[in-house]
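[1] Sharing a model that was predicted from the sequence below.
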Amino acid sequence: MSDELTSVFRITASLKEPVRYSAIREAVAITAKRFPYFSVSLGSGIFWHFLEFNDQLPRIQVEEKIPCTAFAAKRKSEPLYRVIIKGKRISVEFIHILTDGGGAMEYLKSLLYTYLTLTGKHISTPEEIILPSMPMSEEEYEDGYNKFFQKLPAPSKLVKAWHLPYKLNKRPKLRVLLAEVSVNEILELSRKHKMSVTEYFVSVYHFSLQKIFLSEKEKSKKRKRKVLRIEVPVNMRKIFPSRTMRNFSLFVLPEIDVRLGTYTFEEILRSVHNQLQISADVKQLSRFLSSNVSSEKLFIIRVMPLFIKKMVIASVYKGLASKRWTGLVTNLGLVTLPGEMENMVDSFELIPPPPNPKVKVGCALVSYKNKLRICFSNITESRELERHILRHLADAGIHVKILNND
């Protein structure tokens, strides 16, 4: 992690009415007590970093232009998540050390319920929301990775992927583009191809990457890396019986190998569908889980001093991990709220963590009622990838609305 590669993501709920500071401050205090496993700061020992309890409330701050900024990891005066308000918007930003999108959304829904009831709203059936009065279960803070770990053969090694050729922005690098489409329209189109929305969107992303790759190939004949690969996170709570609020996600990596030739969109649709169906199988995901956890259990790793671990991990990430994929698509899925709360919340959106300098662009989807919000995090000078993707959706008959263009 660094000032630019922050590992911080944001989830935002837009309400029907402006946010009242006194009520959100009280709601944050109440909700923090119900989610004590998020009230932690980062400590460092001889061999490992560790999370230590911090009884300070998360910071409440006004929304700034640049989202997902770094936490001061060494600062012990606040936990590693924050609440952000502006106008009718309530956002939460979490560092991925604490949780993933699934856990953060559960926190935000609980915060929204508490805030709305404090402002006098009546919610008679708050189903599927963690209420302040509910007792905390040990499952909520269990380590899902270790709980479901079993020693398995490692996944196959991947060749390095091709990367977008664009120049990076000057600091601050991150720019966000937010678009909205109809859930019904993209769902109808996906079902026409007998695919999920995630599969369809990843296919559009692949097809757009291929267009850029082919245009760049014409400019330069020296293109050794000719695999286009997209990282697609998977919520492991849907795979294993876990209620943990801690980070519990892995990813699958659908790819197209353009060394074999140019793919039609129909070919990409079939390939992505089949790859995601196979890769998201519990046995395949268990191999990735095993690979991730096994390294922690190696004796040489356990006894290695922390300052050496940090250098080794940074070197491996820069030289290996960040070169394995071309882009990222994360889909938080459909957000549901009790009927009365639905009338008080207008929309949700998810901003993924700032991408690394190799991947350059990341994308996040979240659906709520009939609104699918598409958010691109981009650290380059170009918007070409976003234009290709959104134009493809529009040409397919989907109405695309650009909500901002920072």
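    Cool, the structure landed.
[2] residues contacting the most centrally placed residue in the chain?
    With distances taken as Cα atoms, centre = their mean, residue 352 lies nearest the centre of the chain, 4.6 Å away. Counting by Cβ atoms under 8 Å, 6 or more residues apart in numbering, residue 352 makes contact with 9, 328, 330, 362, 363, 364, 375, 377. (Each C-beta comes from the backbone N, C-alpha and C, glycine too.)
[3] In strands, which of those appear?
    Of the contacts of residue 352, the ones assigned to strands by DSSP state E are 9, 328, 330, 362, 363, 364, 375, 377.
[4] What's the local residue count around the closest residue to residue 59 other than its chain neighbours?
    Excluding its sequence neighbours, the residue lying closest to residue 59 (Cβ to Cβ, 6 or more residues apart in numbering) is residue 82, at 4.6 Å. By other Cβ atoms under 10 Å, the residues close to residue 82 number 20.
[5] Could you check how far residue 82 is from residue 11?
    12 Å (Cβ to Cβ, to the nearest Å).
[6] I figured the residue nearest to residue 59 hits residue 62, correct?
    No: counting by Cβ atoms under 8 Å, residue 82 sits too far from residue 62 to count as a contact (11.2 Å).
[7] beta partners for residue 250?
    residue 234 (DSSP bridges).
[8] any weak-confidence spans in the stretch 201-350 of the chain?
    Scanning the stretch 201-350 of the chain for pLDDT under 70 picks out 217-225, 297-303, 306-307, 309, 312, 314-322.
[9] That one: strands as residue ranges?
    Counting by DSSP state E, counting those that start in this stretch, the stretch 201-350 of the chain has strands at residues 227-235, 249-252, 255-257, 327-335, 345-351.
[10] could you dump those to TSV with mean neighbour count and distance to residue 16?
    What follows is the strands of the stretch 201-350 of the chain, written out as TSV (neighbours: other Cβ atoms under 10 Å; distance: least, Cβ to Cβ, whole Å):
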stretch	mean neighbour count	distance to residue 16
strand 227-235	21	29
strand 249-252	19	31
strand 255-257	19	43
strand 327-335	21	16
strand 345-351	21	6
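[11] so which of those comes closest to residue 279?
    Of all the strands of the stretch 201-350 of the chain, the one in closest proximity to residue 279, counting by Cβ to Cβ, is strand 249-252 (3.6 Å).
[12] Now do the same for residue 37: helix, strand or coil?
    Under DSSP: H, G, I helix; E, B strand; the rest coil, the three-state class of residue 37 is helix.
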